[in-house]
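Asker: return atomic coordinates for the entry below.
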Amino acid sequence: MRVRGIPALTALGRDRASGFLKPRVDQIRRWDLLPSLCLACLVLFGVLFYVWQRIQVVRLGYEIQHLQAERLALVRQENELRFEVARLKSLRRVEEIGRRQLGLTSPVSGQVILLQ
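Answerer: This is a model prediction of the structure:
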């Protein structure tokens, strides 16, 4: 009698209980998914932040490399300009320009007066 009663009650119970329990089961499932969804969003934001950070590091690395190359070019240009200034200030060059273009000559012994 017990064996016959359990399957009958179970079948009857399923039909009755399905109407009562189904909305509650859906509601419980929604609330059960909320922590998982929050955790998934947290992991997603963490991964996106990590990827953004890596992209920034790579971008800044390229920018540093570019600026170092630009600095090296500017240092070379500075050295070239310093050499050019030294060449233009050379007394030999000034004397040569004075003789060729301005027609200047070396002073004779009577033209030089030394002051004490």
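Asker: run the chain-centre distance for stretch 63-73.
Answerer: Stretch 63-73 has its C-alpha centroid displaced from the chain centroid by 15 Å (CA atoms, centre = their mean, to the nearest Å).
Asker: I misspoke; the intended subject was stretch 59-78.
Answerer: Distance, stretch centre to chain centre, for stretch 59-78: 16 Å (CA atoms, centre = their mean).
Asker: swap in stretch 48-68?
Answerer: 3 Å.
Asker: how about stretch 44-60?
Answerer: If you compare the mean C-alpha spot of stretch 44-60 with that of the full chain, they lie 9 Å apart, counting by CA atoms, centre = their mean.
Asker: so for it, mean pLDDT?
Answerer: In this model, stretch 44-60 carries a mean pLDDT of 98.
Asker: pull that stretch out as PDB, backbone CA atoms only.
Answerer: The C-alpha coordinates for stretch 44-60 follow below in PDB (Å, rounded to 0.1, in the frame of the first residue of the first chain):
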ATOM      1  CA  LEU A  44      35.400  41.800 -16.800                       C
ATOM      2  CA  PHE A  45      36.200  45.300 -15.500                       C
ATOM      3  CA  GLY A  46      39.400  43.900 -14.000                       C
ATOM      4  CA  VAL A  47      40.500  42.400 -17.300                       C
ATOM      5  CA  LEU A  48      39.600  45.500 -19.200                       C
ATOM      6  CA  PHE A  49      41.500  47.600 -16.800                       C
ATOM      7  CA  TYR A  50      44.500  45.300 -17.100                       C
ATOM      8  CA  VAL A  51      44.400  45.400 -20.900                       C
ATOM      9  CA  TRP A  52      44.000  49.200 -20.900                       C
ATOM     10  CA  GLN A  53      47.000  49.500 -18.500                       C
ATOM     11  CA  ARG A  54      49.100  47.300 -20.800                       C
ATOM     12  CA  ILE A  55      48.100  49.300 -23.800                       C
ATOM     13  CA  GLN A  56      49.100  52.500 -22.000                       C
ATOM     14  CA  VAL A  57      52.500  51.000 -21.100                       C
ATOM     15  CA  VAL A  58      53.200  50.000 -24.700                       C
ATOM     16  CA  ARG A  59      52.000  53.400 -26.000                       C
ATOM     17  CA  LEU A  60      54.200  55.300 -23.500                       C
END
